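Visitor: Have a look at this fold, sequence not included:
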């Protein structure tokens, strides 16, 4: 049973930065595409950033140039560095894994969702 634990969220002013972390117990990341997703109130969950084991990345247009996904397979951890945060980035952020980025874009993920971490950006 894989358990995903996201952390690092919080309340930040517009223009600020946060670094999210996601760790998985019971399974190693290596070989999987890893993604960060978010869900704002009343909206569907969406993929915001993904990274394959080979280093290919994909970012939602709304976060390009501001967010960076990275991974440390040895630590079974994936990170999301978020800079120049905007109020519209406010959401609960989740991580998960999939076979490839296309599947992550369609929310085709391997594991049950974790609790997520709340990011709130004030204007």
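Guide: Good, I have the coordinates. As the structure is a prediction and not an experimental result, all values here were calculated from the model. Numbers count the residues shown, from 1 in each chain.

Visitor: starting at the chain centroid, how far to stretch 80-90?
Guide: 12 Å (CA atoms, centre = their mean, to the nearest Å).

Visitor: element containing the spatially most central residue of the chain, please.
Guide: Ranked by distance to the mean C-alpha position of the chain (CA atoms, centre = their mean), the top residue is residue 36 at 1.8 Å. Using DSSP states H and E, residue 36 sits within strand 33-39.

Visitor: for the record, mean pLDDT for the next helix or strand after that strand?
Guide: Downstream of strand 33-39, the next assigned helix or strand under DSSP H and E is strand 46-51. Strand 46-51 shows a mean pLDDT of 97.

Visitor: Can you name the next helix or strand after strand 46-51?
Guide: strand 57-59.

Visitor: How about residues contacting that following strand?
Guide: 47-51, 67, 69, 101, 104-105 (CB atoms under 8 Å, 6 or more residues apart in numbering). Backbone N, C-alpha and C define where each C-beta goes, glycine included.

Visitor: ok, 10 Å please
Guide: 33, 35-36, 47-52, 64-70, 100-102, 104-105 (CB atoms under 10 Å, 6 or more residues apart in numbering).

Visitor: And for stretch 97-110?
Guide: By CB under 10 Å, 6+ apart, the list of residues contacting stretch 97-110 reads 2, 4, 22, 24, 27, 29, 31-37, 44-47, 49-52, 56-58, 60, 78, 94-96, 111, 113.
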